[in-house]
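Q: Fold the following and give me the result.
(chains A, B and C)
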Amino acid sequence: MTNKITLNMITCRTIQQGVGMEAGKTSQKYFDACTIMHMHPDDMKKLGVWKNTNVRVTSSVGSVIVKAVETREDLVPGLAHIPMGPWANRIVPGYTFSTGEPCFKGFPVDVEIAANERIMGAIEVIQDACGLIRK
Amino acid sequence: MPKEVTDVICPFCGTLCDDLIVTVSDDNKTILGVKNACAIGAEKFNHQRMPGRVKRPRMRQADGSYKEITYDEAIDWTAKMLVKSRKTLMYGWASTSCQAMSIGHDIAEKVGAIVDNCATVCHGSSLIAIEDVGVPSCTLGEVKNRADRVIFWGCNPAHAHPRHMSRYSIFPRGFFTVKGHKGRKIYCVDCRYTDTAKCADEFIQIQQGFDYELLDALRTAARGEALPDTVGGVPKEKIYEIAEDLKNARFGVIFFGMGLTHTMGRNHNIDIAINLTRDLNDYTKFAIMAMRGHWNVTGSGQVLGWQYGFPYAVDLSRRDQARHQTGETTSVDLLNRNEVEACFYIATDPGAHFPVNAMISSSRKPTVTVDPHINCTTEISDIHIPVALVGVEVGGCAYRMDNVPIETRKVVDPPEGVLTDEELLTKINQRVDELLAQGGA
Amino acid sequence: MNTVTLNVKKVPELFLECENVNTDAFAGKKADQIANLGAFQGKEISTLGDYFSISGDAGETAAETKIIINGDCTKMKYLGAKMTAGEMVVNSACDMYTGSWMKGGKLTINGDVHSFCGLAMAGGEFTINGNAGNYLGAAYRGDWRGMSGGVLRVKGNAGSDVATFMIGGELIVEGDVDIHLGTHMEGGKIILKGNANRRVGGQLVKGEIYVFGTINVMMPGFKPVNTVELDVDGTRATFTEYIGDLGERHPKRKGETVYGKLFLKQ
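A: You can find the predicted model right below:
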């Protein structure tokens, strides 16, 4: 049975994400900065995941594979953070409470280990969502 | 001989640093080095010289690949799309100059489109709150020279506005703040111990999504009324202490960011923060300021504001009247509800920063993206039109986060044959005129 | 009273702005004149006749007119907006702004409505026999005056920001509501039969909120002062009376501060 935990997700800017973004959306810097999920060590223990292992994050609108890393800017247990970008937005609910502002911060996600799954590239992840990749 | 261009404006974040020194090659084509900029700003200038830049418009083919087309073909396609569509979303504008925006708005007025800028997924909530309750604000110069209490609420300038703290808010010595950092008391309110919190004198860790309650508690405490034992994980003694300390400030300022605008409650988080500022003005001088993200998103709000009266999400489909209702004319809602027929993106990347369902909806409509580089939006658009980098390869007016206009400078020449935003939009505008004179597409 | 019946014959592709579908716009018009009234889909201007088959003539005035709409109205905005008298029944779910700025008459929706319904309503009787969206009975953006009169009743649930800036009238939600109920409220009465999510009565200045269910998290600026037994909307119950929001500025009357009141059923 796969272990699964539910966390409260926030998506924010990090300076690495900013640098990556300006280096180019297709750059390695951007990929490295945005395909990670910061987790609290307690949550990692609870999930049974080693740091730098791929995980599948699922919300009400979709799921995405990212790499679980230990948080640098301290989180409280139960809170997780993916830097903003196409990967984070694969799971951000679009509901805006009629304010125009989607739920970028504070939505529940399920996290499970997916050590052998591949993380998609920036263009691939959005084209895949839009059904533009021809197989 | 390489030459140095001084006092260059950094086109990355709303802080618009104006002291960059850029070394440029002899032929005015390559940037060799950048001084004084933060990591992100330097990367923006350095990216200019990277190989593999697209220099001609591209059109997506049936097999998913992209074919190079001429600017004229791209302009004609775009103009026809705009004229034909019953309702078009013209989104972006935050990374281009105010001059380009006003041409864009001219087009939008003619074709009955909706003009929206990046505030819609950023500080839109703040703008709603400002519409509702007003805003007592100031300029960053006042913060530097006067502020002795600085609160960072739900923002992380260490990452998003890297030089904000050293230029204006924490470290600089100003006219009345000769002691610099030592003379200021810095608060940071956040749900995680951010790098900004590490620079603060006092970090208040709040439960995620309890900002409204804590701000209400601070207002209640400032009036000396009773409070429950804890609010959002903060003990009441602490809240009384902070409220008292803020009242004793000489000049205080609250900087807020996405921690308030993106979380539960959105605009109400801001309007209660503004009302707290208003309350504190009964005792001392207090101001509040939004930490605007894109370097010229404030400018887009300004241009839209003086032209149509609303700072973002302006619906011009009735031509003679501008309408604005967040939740209806905002980009994410329009795309979620499939209320637009075509999309025109300029100087932004919604593909990377919009929720996925909105972009799925967008990818099924005719789409044109105007952006200097390949990004997540260009690769799901029908047409990608590359342009010169505003603030690097072409100048133009921009507004800093405190609504101060600053003229950005051209540093190097754009690649040969690449149009600027202004030139491109002027040509689209002319083509739209021609089509409308002929009675539609 | 004359009855005009509208049957939807074409569902709009994007949406349809039906500012002309209300008793005031119809008053004094024959069926064919009504069919010539404008309807808007983005920049495309068409007529009501393109989307509805219309039968029956309207009365001389709005008060003598009754409108019945059948068919799929889920993409139609502004139905019954700004009506001042008469009667209107929609047998479908409706989109935004239904019954907004309504001044009088009777509007019944037999289905769900989207956001911004009953916006700044000033009078009349508005009943929603379904669920309502966000900003029900609230103020238009940038306005300090939300619902100011009349009775708005929702049989189902309502979304967030219900009755923001409400200054008068009566709003009854028989189901649950999402966050932010009665924010900035300065008058009037809200009756909630179900449960509320968080932030009930934030920045409440004046007015009364009755909650029969539970509130997830109470705002810190509310203080219990009393226990009272009351008859609310036909139900007698014992309530705890709170005053607040103590963080907000309150007006003074005869030297005494007037607070907003929140009654929570025990």
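Q: contacting residues around the residue of chain A found nearest chain C?
A: Across chain A, the shortest distance to chain C (C-beta to the nearest C-beta) belongs to A:Ser98, at 3.9 Å. (Each C-beta comes from the backbone N, C-alpha and C, glycine too.) If you count contacts by C-beta atoms under 8 Å, 6 or more residues apart in numbering or on different chains, A:Ser98 has them with B:Thr326, B:Gly327, B:Glu328, B:Asp333, C:Ser115, C:Phe116, C:Gly133, C:Asn134, C:Tyr135, C:Gly159, C:Ser160, C:Asp161.
Q: Secondary structure element holding it?
A: Counting by DSSP states H and E, no helix or strand carries A:Ser98.
Q: ok, and the closest non-adjacent residue to it?
A: Spatial nearest neighbour of A:Ser98, chain neighbours left out: B:Gly327 (3.0 Å); criterion: C-beta to C-beta, 6 or more residues apart in numbering or on different chains.
Q: ok, now B:Val111?
A: In space, B:Val111 is closest to B:Leu82, 4.4 Å off (C-beta to C-beta, 6+ apart).
Q: wait, doesn't the residue nearest to A:Ser98 sit right on A:Pro102?
A: No. Using C-beta atoms under 8 Å, B:Gly327 is not in contact with A:Pro102, being 11.7 Å away.
Q: confidence score at A:Thr2?
A: If you check A:Thr2, the pLDDT there is 64.
Q: picking up where we left off before, the more surrounded of B:Gly327 and A:Pro102?
A: More neighbours surround A:Pro102 than the other of B:Gly327 and A:Pro102, with 28 against 25 (other C-beta atoms under 10 Å in any protein chain shown).
Q: Tell me the predicted confidence for the more buried one.
A: Looking at A:Pro102, its pLDDT reads 92.
Q: Can you name the residues that contact it?
A: A:Pro102 touches A:Val92, A:Pro93, A:Gly94, A:Tyr95, A:Thr96, B:Val121, B:Val332, B:Phe354, B:Pro355, B:Ala358, counting by C-beta under 8 Å, 6+ apart.
Q: got the residues of chain A near chain C?
A: Residues of chain A lying close to chain C (C-beta under 8 Å from any C-beta of the partner chain) are A:Phe97, A:Ser98.
Q: just the helices in chain A please.
A: Using DSSP state H, the helices found in chain A span residues A:15-23, A:28-34, A:41-47, A:86-89, A:122-129.
Q: Relative to B:Thr367, which of the ones you listed is closest?
A: helix A:122-129 (12.6 Å; C-beta to C-beta).
Q: what about the strands in the stretch 51-200 of chain B?
A: Here the stretch 51-200 of chain B has its strands, by DSSP state E, counting those that start in this stretch, at B:58-60, B:66-68, B:88-92, B:114-117, B:149-153, B:185-190.
Q: Now stretch B:259-277 - C-alpha only, PDB.
A: Taking C-alpha atoms only, stretch B:259-277 is exported to PDB below (Å, rounded to 0.1, in the frame of the first residue of the first chain):
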ATOM      1  CA  GLY B 259       0.600  36.300   1.600                       C
ATOM      2  CA  LEU B 260      -2.400  38.500   1.900                       C
ATOM      3  CA  THR B 261      -3.700  38.700  -1.700                       C
ATOM      4  CA  HIS B 262      -3.600  35.000  -2.500                       C
ATOM      5  CA  THR B 263      -4.900  33.500   0.700                       C
ATOM      6  CA  MET B 264      -8.400  33.100   1.900                       C
ATOM      7  CA  GLY B 265     -10.400  36.300   2.000                       C
ATOM      8  CA  ARG B 266      -8.100  38.100  -0.600                       C
ATOM      9  CA  ASN B 267      -9.300  41.700  -0.900                       C
ATOM     10  CA  HIS B 268     -10.700  41.700   2.700                       C
ATOM     11  CA  ASN B 269      -7.300  40.900   4.100                       C
ATOM     12  CA  ILE B 270      -6.000  44.100   2.500                       C
ATOM     13  CA  ASP B 271      -9.000  46.300   3.400                       C
ATOM     14  CA  ILE B 272      -8.600  45.400   7.000                       C
ATOM     15  CA  ALA B 273      -4.900  46.100   6.800                       C
ATOM     16  CA  ILE B 274      -5.700  49.500   5.300                       C
ATOM     17  CA  ASN B 275      -8.200  50.100   8.000                       C
ATOM     18  CA  LEU B 276      -5.600  49.200  10.600                       C
ATOM     19  CA  THR B 277      -3.300  51.800   9.000                       C
END
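Q: wait, does it contact chain C?
A: Yes. Stretch B:259-277 is in contact with chain C by C-beta under 8 Å from any C-beta, via B:Met264, B:Gly265, B:His268, B:Asp271, B:Ile272, B:Asn275.
Q: Where does the last one sit: helix, strand or coil?
A: Right, B:Asn275. The three-state label given to B:Asn275 by DSSP: H, G, I helix; E, B strand; the rest coil is helix.
Q: For burial, what's the neighbour tally of the closest residue to it other than its chain neighbours?
A: Closest residue in space to B:Asn275, ignoring its immediate chain neighbours: B:Val133 at 6.3 Å, by C-beta to C-beta, 6+ apart. B:Val133: 21 surrounding residues under other C-beta under 10 Å.
Q: repeat for the one 4 residues further on
A: Counted with other C-beta under 10 Å, the neighbours of B:Ser137 add up to 18.
Q: Also C:Ile68?
A: Using other C-beta under 10 Å, the number of residues around C:Ile68 comes to 17.
Q: Would you mind measuring from it to chain A?
A: Taking C-beta to the nearest C-beta, to the nearest Å as the measure, C:Ile68 falls 29 Å from chain A.
Q: hang on, that residue packs against C:Thr3?
A: Yes. Using C-beta under 8 Å, C:Ile68 is in contact with C:Thr3, at 6.3 Å.
Q: residues contacting the closest residue to A:Gln127 other than its chain neighbours?
A: Excluding the flanking residues, the one nearest A:Gln127 by C-beta to C-beta, 6+ apart is A:Ile133, at 5.0 Å. Taking C-beta under 8 Å, 6+ apart, we find A:Ile133 in contact with A:Glu124, A:Gln127, B:Gly64.
Q: so where is chain A shaky, pLDDT-wise?
A: For chain A, the stretches flagged by pLDDT under 70 are A:1-2, A:134-135.
Q: mind listing the strands for it?
A: Taking DSSP state E as the test, the strands found in chain A are A:4-12, A:36-39, A:53-58, A:63-70, A:79-83, A:105-113.
Q: can you put those in a markdown table and add distance to B:Cys10 and mean neighbour count?
A: Shown next, in a markdown table, are those (distance: least, C-beta to C-beta, whole Å; neighbours: other C-beta atoms under 10 Å in any protein chain shown):
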| stretch | distance to B:Cys10 | mean neighbour count |
| --- | --- | --- |
| strand A:4-12 | 21 | 21 |
| strand A:36-39 | 27 | 23 |
| strand A:53-58 | 34 | 20 |
| strand A:63-70 | 29 | 19 |
| strand A:79-83 | 21 | 25 |
| strand A:105-113 | 27 | 19 |
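Q: Kindly reformat these as CSV containing distance to B:Asp7.
A: As requested, the strands of chain A are exported to CSV (distance: least, C-beta to C-beta, whole Å):
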stretch, distance to B:Asp7
strand A:4-12, 32
strand A:36-39, 37
strand A:53-58, 45
strand A:63-70, 40
strand A:79-83, 32
strand A:105-113, 37
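Q: do you know which of the ones you listed lies nearest chain B?
A: strand A:105-113 (4.2 Å).
Q: And the contacts of the closest one?
A: Residues from elsewhere that reach strand A:105-113, judged by C-beta under 8 Å, 6+ apart: A:2-12, A:37, A:39, A:43, A:47-49, A:53-60, A:68, A:80, A:91-93, B:208-209, B:258-259, B:262-264.
Q: quick one: it to chain centroid distance?
A: Its chain's C-alpha centre and that of strand A:105-113 lie 9 Å apart, by C-alpha atoms, centre = their mean, to the nearest Å.
Q: Same question for stretch B:135-145.
A: Using C-alpha atoms, centre = their mean, the offset of stretch B:135-145 from its chain centre is 19 Å.
Q: Ends of it, what's the gap?
A: End-to-end distance for stretch B:135-145: 20 Å, by C-alpha to C-alpha, to the nearest Å.
Q: what does stretch B:186-206 give?
A: So stretch B:186-206: terminal residues 16 Å apart, C-alpha to C-alpha.
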